[in-house]
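Enquirer: here is the input, now give the coordinates:
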Amino acid sequence: MKNKLIKNIFSSGLQALAIQFLGVFFFIYISFYLSKEEFGIISANNATAMFIITFLSLGLEQVVLRRVSASKSSEWAAAAYLLHTIVSSVVAIAILYLFSLTITTWNNAHILMWFFVAQALTFIGSPLKQFLNAKERFAPYGVIALISNTLKLVLAWFLLTRQLLHLNGIIWILVACSFFEFVALLIYILAKTSFSFRFKIQAYVKLVKEARGQFISVIFDSGLSRMDWILLGLLSTNAITGDYSFAYRAFELARLPIIVVAPLLMPKFARLFSNADKLEVEQRDMLNNVIVIAIFLTIAIPVCLNIVWSPWIGALFDDKYGASNAREFGILSICIPLHFLVNLFWTISFSAKRYRYVSTITIVCAVCNLLLNVFLIGLYGGLGAAFAFITTTIIQVTLYYRFVNKKLVPISLRPVVILFIYGIIAYLGAVYLLDNLLLQILVAMAIYISLSLFTGQLTRTHLSTLRSLFTK
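Expert: Model prediction:
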């Protein structure tokens, strides 16, 4: 069991390293050499392409993952979803191509089509990836994604050495690497698994009906994650979009621990809630302890990053980024522990098949996010987008907590609030007492850890229950 835990954490971490870290690092790397205007164009079009892909998914992805995780007899769902991704992607590419020919006055129409092609190739491979994740075989896709994203960096360096690293070059890198990733994943599936490509129309209709209630939720959830980028591209300048999207990319890197844990939690909660709506007392205690240790770790991340952001990022990027978007990053970074709670509450609710509540919460938050972005971006640009993001995140946490705590499992957020206070104390104490960056980080962590241990917010029990969750 211990070896399985280590293997799963390593494999899921490999996926997170490949997709989250290297994928985001690629964009940060090219931002060093591209102007803010070009980087803003890339960010806005990539976000729009992702939103279209989410619309095409019909909310099927997580339903497929839950079905295949819960029962081997439901493996047909992955094949049904695969055909859906292929057909919908081909239709969407044709429409975008015709759109680019018709709307000749908007240069981004053609650019958007190619960003969508890159996203569509990843979209078509998602049923194969979810099939492997549902079987808790995280390593194969992790290796493929690691190679693919490393290749992106190598190609970017190659184009840079030949002074060809510009917008069109970035597009072709994304398309080529997405194609490689899909082909490699398909070859592995054919050679090493029992994946069946047999398609039944009745099964597909059943899958769509099950995901119907989730579809609107997924659409609005996509709006939550990228609507700020899209609206910044429409309502502000490309430079402002580039500044904000750089801070957001750094925020995504900082969320790496959440990305590692999420694939491990989903199959386990799917099984826990497959036969019951509520957890037993022992399982409830385990869940509360997992929340405490996760929040402890995710609060430490923004404390350290905010200390070094302006001096380190400013020096690294010759002041193109750093001080110019420090406030945006600071606001976004506060959402790191909050996003863990959102992901966890969403996982619990989705695993318990409470799709209607998930949809309602997501729609409410997405509407709030849209309205806040439209209002605040017009007034404050990227800073307004950051305020809209954190406000929406707080609303999301509040609504999910009220539902999960009342309907599914009692959860105490008191330790979360206390740890947040300790994080603020540690940050302010280190920043205002010391000038040396290294000492600021060390002192901040010393204050944070000491307060957590001496007041009993973090104990050995939390660590042992976290281990037991992944070994049962």
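
Enquirer: quick check: which ranges of the protein have low pLDDT?
Expert: For the chain, the stretches with pLDDT under 70 are 1-20, 66-76, 104-109, 136, 138, 212-225, 259-283, 463, 465-472.

Enquirer: for Gly456, what are phi and psi?
Expert: phi 80, psi 20 (degrees, to the nearest 10).

Enquirer: tally of neighbours for it?
Expert: Counted with other CB atoms under 10 Å, the neighbours of Gly456 add up to 9. In short, each C-beta sits where N, CA and C put it, glycine included.

Enquirer: and the host helix or strand of Gly429, what does it pack onto?
Expert: Using DSSP states H and E, Gly429 sits within helix 414-433. For helix 414-433, the elements it packs on are helix 281-308, helix 335-351, helix 437-454, judged by 3 or more CB pairs under 8 Å, 6 or more residues apart in numbering; DSSP states H and E.

Enquirer: now the first one, how far from the centre of its chain.
Expert: So the one you mean is helix 281-308. 17 Å (CA atoms, centre = their mean, to the nearest Å).

Enquirer: and the last one, by the same measure?
Expert: Between the mean C-alpha location of helix 437-454 and the chain-wide mean there is a distance of 28 Å, by CA atoms, centre = their mean.

Enquirer: show me which positions of it end up buried.
Expert: Gln440, Ile441, Val443, Ala444, Ile447, Tyr448, Leu451, Ser452 (16 or more other CB atoms under 10 Å).

Enquirer: equivalent analysis for the longest one, please.
Expert: Residues of helix 281-308 classed as buried under the neighbour-count rule (16+ other CB under 10 Å) are 283, 286-307.

Enquirer: who touches stretch 383-401?
Expert: With contacts defined as CB atoms under 8 Å, 6 or more residues apart in numbering, stretch 383-401 is touched by 224, 228, 231-232, 244, 247, 327-328, 331-332, 334-335, 338-339, 341-342, 345-346, 349, 361, 364-365, 368-369, 372-373, 375-378, 380, 411, 413.

Enquirer: what's next to the helix holding Gly429, contact-wise?
Expert: By CB under 8 Å, 6+ apart, helix 414-433 touches 291-292, 295-296, 299-300, 302-303, 306-307, 337, 341, 439-441, 443-445, 447-448, 451-452, 455, 457.

Enquirer: circling back to that earlier point, out of the contacts of stretch 383-401, which are buried?
Expert: 224, 228, 231-232, 244, 247, 327-328, 331-332, 334-335, 338-339, 341-342, 345-346, 349, 361, 365, 368-369, 372-373, 376-377, 380, 411, 413.

Enquirer: which stretches in the stretch 151-300 of the chain count as strands?
Expert: In the stretch 151-300 of the chain, no segments count as strands under DSSP state E, counting those that start in this stretch.

Enquirer: tell me where it has helices.
Expert: Ranges of helices within the stretch 151-300 of the chain are 167-192, 201-235, 238-254, 256-272, 281-308, based on DSSP state H, counting those that start in this stretch.

Enquirer: then the stretch 1-150 of the chain?
Expert: Under DSSP H, counting those that start in this stretch, the stretch 1-150 of the chain gives helices at 2-15, 23-33, 36-57, 60-70, 76-102, 108-134, 139-161.

Enquirer: would you list these in TSV and tack on distance to Tyr427 and mean neighbour count?
Expert: Compiled in TSV, the helices of the stretch 1-150 of the chain are given as follows (distance: least, CB to CB, whole Å; neighbours: other CB atoms under 10 Å):
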stretch	distance to Tyr427	mean neighbour count
helix 2-15	27	16
helix 23-33	24	19
helix 36-57	28	22
helix 60-70	35	23
helix 76-102	44	18
helix 108-134	36	22
helix 139-161	32	18
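
Enquirer: closest one to Tyr357 among those helices?
Expert: Ranking those by proximity to Tyr357 (CB to CB) places helix 60-70 first, at 14.6 Å.

Enquirer: okay if I get the helices of the stretch 1-150 of the chain as TSV plus distance to Val205?
Expert: Formatted as TSV, the helices of the stretch 1-150 of the chain follow (distance: least, CB to CB, whole Å):
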stretch	distance to Val205
helix 2-15	31
helix 23-33	34
helix 36-57	17
helix 60-70	12
helix 76-102	9
helix 108-134	17
helix 139-161	28
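
Enquirer: out of the ones you listed, which comes closest to Ala254?
Expert: Across the helices of the stretch 1-150 of the chain, closest to Ala254 is helix 23-33 (CB to CB), at 9.7 Å.

Enquirer: thinking again about what came up before, taking the buried residues of helix 437-454 together, which two end up most distant?
Expert: Gln440 and Ser452 (18.5 Å).

Enquirer: out of the helices of the stretch 151-300 of the chain, which one sits most buried?
Expert: helix 238-254 (a mean of 24; mean count of other CB atoms under 10 Å).

Enquirer: only alpha carbons, please: show it as PDB.
Expert: The C-alpha trace of helix 238-254 is given here as PDB (Å, rounded to 0.1, in the frame of the first residue of the first chain):
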ATOM      1  CA  ASN A 238      -3.000  43.900 -25.400                       C
ATOM      2  CA  ALA A 239      -0.200  45.200 -23.000                       C
ATOM      3  CA  ILE A 240      -2.600  45.100 -20.000                       C
ATOM      4  CA  THR A 241      -3.700  41.600 -21.000                       C
ATOM      5  CA  GLY A 242      -0.100  40.500 -21.200                       C
ATOM      6  CA  ASP A 243       0.700  42.000 -17.800                       C
ATOM      7  CA  TYR A 244      -2.300  40.200 -16.100                       C
ATOM      8  CA  SER A 245      -1.900  36.900 -18.000                       C
ATOM      9  CA  PHE A 246       1.800  36.800 -16.900                       C
ATOM     10  CA  ALA A 247       0.700  37.200 -13.300                       C
ATOM     11  CA  TYR A 248      -2.000  34.500 -13.800                       C
ATOM     12  CA  ARG A 249       0.500  32.100 -15.300                       C
ATOM     13  CA  ALA A 250       2.700  32.500 -12.300                       C
ATOM     14  CA  PHE A 251      -0.400  31.900 -10.100                       C
ATOM     15  CA  GLU A 252      -1.000  28.700 -12.100                       C
ATOM     16  CA  LEU A 253       2.500  27.500 -11.300                       C
ATOM     17  CA  ALA A 254       2.000  28.200  -7.700                       C
END
